[in-house]
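Asker: after the sequence you'll find the predicted model.
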Amino acid sequence: MRRKKKVDRPIAPDPLYNDELIAKFINYLMVSGKKTTARRVFYAAMEIIKTKTKKDPVVIFHDAINNIAPRVEVISRRIGGAHYQIPKEVSGERKNTLAIRWLVQASRKAKGKPISEKLSNEILAAINHEGEAIKKKKDIERMADANRAFAHFAW
């Protein structure tokens with residue numbers, strides 16, 4: 001065995017919405033250990049979503065994460081001296097991890113507004129299947145589709 005086993009540490013749900021996925025998202029949003037600031041930013045984004053859509057922001061957030069989560073990705077594998085991009089289905093936990101990562105990166109990349117506003121805009125764009133994070137998902141899935149010929153190398 002080459003690697004250590006993954007230690008599954010339970011994550012406490014966030015205090016306001018009592019949701020583990022939101023707690024995980026806040027941890028990804030956090031910079032330099034400032035969890036209170038990350039929570040403030042996320043809750044402000046949820047308030048913006050609530051006022052814009054008049055719907056439950058938690059449901060909208062979960063739908064956005066589901067829309068961003070990729071179904072397939074490519075992994076690089078070396079076979080006979082050549083590197084191949086091999087398409088592979090994404091597991092449940094990794095789907096959420098990638099979706100959260102892309103959502104945070106897309107929000108940070110946008111310029112000129114407060115982060116809570118950028119985050120809410122990106123979440124609302126993901127609901128409508130548009131925005132930077134959805135573009136990233138489509139690029140990854142397009143690459144996997146283009147390399148479908150190498151799927152027989154997957155094991």
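Answerer: Received, thanks.

Asker: enumerate every residue touching the residue nearest in space to the middle of the chain.
Answerer: Using Cα atoms, centre = their mean, the residue of the chain that lies closest to the mean C-alpha position is residue 99, 1.5 Å off. For residue 99, the contact set (Cβ atoms under 8 Å, 6 or more residues apart in numbering) comprises 65, 66, 68, 69, 70, 133, 137. C-beta: built from backbone N, CA, C; applies to glycine.

Asker: element containing the last one?
Answerer: Under the assignment given by DSSP states H and E, the secondary-structure element containing residue 137 is helix 132-146.

Asker: and whichever strand or helix holds the residue nearest to the centre of the chain, average pLDDT?
Answerer: When secondary structure is defined by DSSP H and E, residue 99 falls within helix 92-109. For helix 92-109, the per-residue pLDDT values average out at 94.

Asker: just how off-centre is the helix or strand following it within its chain?
Answerer: Per DSSP H and E, the first helix or strand lying C-terminal to helix 92-109 is helix 115-127. Taking Cα atoms, centre = their mean, to the nearest Å, one finds helix 115-127 lying 13 Å from the centre of the chain it belongs to.

Asker: likewise stretch 90-103?
Answerer: Between the centre of stretch 90-103 and the centre of its host chain there is 5 Å, according to Cα atoms, centre = their mean.

Asker: repeat that for stretch 2-19.
Answerer: In terms of Cα atoms, centre = their mean, the centre of stretch 2-19 is found 16 Å from the chain centre.

Asker: and it, end to end?
Answerer: The first and final residues of stretch 2-19 sit 34 Å from each other (Cα to Cα, to the nearest Å).

Asker: quick check: buried residues in it?
Answerer: For stretch 2-19, burial by neighbour count (16 or more other Cβ atoms under 10 Å) applies to 14, 17.

Asker: do stretch 60-75 as well
Answerer: Along stretch 60-75, the positions that meet the burial threshold by neighbour count (16+ other Cβ under 10 Å) are 60, 61, 64, 65, 67, 68, 69, 70, 72, 73, 74.

Asker: then stretch 139-154?
Answerer: 140, 141, 144, 147, 150.

Asker: give the contact list for the first one.
Answerer: Read that as residue 140. Residue 140 makes contacts with 70, 72, 73, 74, as judged by Cβ under 8 Å, 6+ apart.

Asker: now do residue 28
Answerer: Counted by Cβ under 8 Å, 6+ apart, residue 28 has contacts 100, 101, 104.
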